[in-house]
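>>> sequence plus the predicted model coming up.
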Amino acid sequence: MGTSVFPKGNWWAGNKKFEENLILFFLVNGYGDLLLKEMHGGETLLQFKVGNGDRIKFRKDPWCSEVSLEEAFPLLFQISVNQDSSIAENFIASGDSIIWTPLCRRSLFDWEVEEYAAPLGLLQNHMVDLSLEDEWNWKWNADGCFSVKSMVLNLYCPGQEDFLARQIWNSSSPSKINFLVWTMALDKCLTRVNLERRGIQILDLSCGLCGTLAESIEHLCIHCPISSYVWGHFLKALEISWVMPNSMKELLNCWRIEGLSKKGKLVWNSIPAAVLWSIWTERNNRIFCCKAKSPDEIVQRAVVLDDIVV
Ligand SMILES: [Zn+2]
């Protein structure tokens, strides 16, 4: 594999957006496969560039089409002599041209000849270059080199609403607040219910704010009476009727309103981050510092934060 697909140098760079640094963090720490599987349906983002054919598997790697020869032509695979052989083991160079010579374990039956000949026709359009080594190229850049920018642009493409990229990462809020909202949207934030799910013994699962129902993300952030009061303050101030949805993803996805000025839109878009940060801060202060503010003071903290972030 060529080294061009790996990030180089100091990966936490001040001139990159937070999300770009975050992706680099995943890659550098060996979570690249996991990241792509989770966020891009497991699609391979590397493509083979054939050189001398030494390092690419003839039948098992998708080097001459979107799928491997094994998938495209199962007969060729089943009766081949060496199913793991490289491309280089399946041709003979003759002057400027090459002759493909995939070997079979046995003679072909008459009805197999046509299927065996089909991939050979496909291979005639593919050349090898004995002077070069095989490489893997990054699909999302024309030059084949990996860049975090290309990854961010493609992962955050329009239509991938589930990831909530625009609602969270394009917000004008500080990165640490965006990160909190992101973990809340993915239900990864460490509420008492989520801590118990991770195998940590929690004696009291009740909400850190109201002390009644179990502290799930949905309860703490949306349905808790204290949280509802905070959300209600903003909606009332903006004279908006709103039915709170059941999940954080829904809430962030539908937090849109038409007809606002540019400034109004900025304020509106940053309300969720300000409210959620204020709720989470209050919850932590109550649990870890035994300090409680009144619902109006929690609102005030969110108002101040909303002013700061826009
Ligand atoms: Zn509660």
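Good, I have the coordinates. Numbers count the residues shown, from 1 in each chain.
>>> any regions of the protein where pLDDT drops low?
Within the chain, the set of residues satisfying pLDDT under 70 comprises 1-46, 152, 155-167, 169-171, 306-310.
>>> enumerate the residues of the protein near the ion.
Taking Cβ under 5 Å from the ion as the criterion, the neighbours of the ion within the chain are 207, 209, 210, 224. In this view, the C-beta of every residue, glycine as well, is placed from N, C-alpha and C.
>>> in a markdown table, list those residues along with distance to residue 89, neighbour count and secondary structure.
What follows is the residues of the chain next to the ion, written out as a markdown table (distance: Cβ to Cβ, whole Å; neighbours: other Cβ atoms under 10 Å; DSSP: H, G, I helix; E, B strand; the rest coil):
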| residue | distance to residue 89 | neighbour count | secondary structure |
| --- | --- | --- | --- |
| 207 | 65 | 24 | coil |
| 209 | 67 | 22 | coil |
| 210 | 69 | 16 | coil |
| 224 | 65 | 23 | coil |
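>>> of those, which is the nearest to residue 301?
Out of these, the one with the shortest distance to residue 301 is residue 209. That distance is 13.5 Å, counting by Cβ to Cβ.
>>> how about the closest one: what's its closest non-neighbour residue?
If you skip the residues right next to it in sequence, residue 209 has residue 226 as its closest partner in space, 4.5 Å away by Cβ to Cβ, 6 or more residues apart in numbering.
>>> quick check: phi and psi at the one you found.
With angles defined as degrees, to the nearest 10, residue 226 shows backbone torsions of phi -70, psi -40.
>>> how close does residue 249 get to the ion?
To the ion, residue 249 is 20 Å away according to Cβ to the ion, to the nearest Å.
>>> quick one: buried residues of the host helix or strand of that residue?
Residue 249 is located in helix 248-253, with elements delineated by DSSP states H and E. Buried residues in helix 248-253, counting neighbours by 16 or more other Cβ atoms under 10 Å, are found at 248, 249, 251, 252, 253.
>>> and which of these is nearest to residue 78?
Sorting those by distance to residue 78 puts residue 249 at the head of the list, at 45.6 Å, by Cβ to Cβ.
>>> wait, the closest one touches residue 184, no?
No - with contact taken as Cβ atoms under 8 Å, residue 249 and residue 184 are classed as non-touching, separated by 9.5 Å.
>>> packing partners for the helix ranked longest in the chain?
Across the chain, the longest stretch assigned as helix under DSSP state H is helix 262-288. Helix 262-288 makes packing contacts with helix 175-185, helix 225-237, helix 295-309 when contacts are defined by 3 or more Cβ pairs under 8 Å, 6 or more residues apart in numbering; DSSP states H and E.
>>> which one of these is the most hemmed in?
Among the helices and strands packed on helix 262-288, judged by mean count of other Cβ atoms under 10 Å, the one packed with the most neighbours on average is helix 175-185 (a mean of 19).
>>> packing partners for that helix?
Checking 3+ Cβ pairs under 8 Å, 6+ apart, helix 175-185 ends up next to helix 18-28, helix 165-169, helix 248-253, helix 262-288.
>>> just after that helix, pick out the following helix or strand.
Taking DSSP H and E as the definition, the helix or strand that follows helix 175-185 towards the C-terminus is helix 192-197.
>>> which parts of that following helix count as buried, going by neighbours?
Neighbour-count burial for helix 192-197 flags 192, 193, 194 (criterion: 16+ other Cβ under 10 Å).
>>> what does it contact?
187, 188, 202, 204, 205, 206, 207, 208, 214, 215, 216, 217 (Cβ atoms under 8 Å, 6 or more residues apart in numbering).
>>> and which of these is nearest to the ion?
Minimum separation from the ion among the contacts of helix 192-197 (Cβ to the ion) is found for residue 207, which lies at 3.0 Å.
>>> ok now do the closest residue to the closest one other than its chain neighbours, which residues does it touch?
Using Cβ to Cβ, 6+ apart and skipping residues adjacent in sequence, the residue nearest residue 207 is residue 215, 4.4 Å away. The contact partners of residue 215, by Cβ under 8 Å, 6+ apart, come to 191, 192, 193, 205, 206, 207, 208, 283.
>>> thought the first one was touching residue 213?
What it means is residue 191. No - contact between residue 191 and residue 213 fails when scored by Cβ under 8 Å: they sit 11.5 Å apart.
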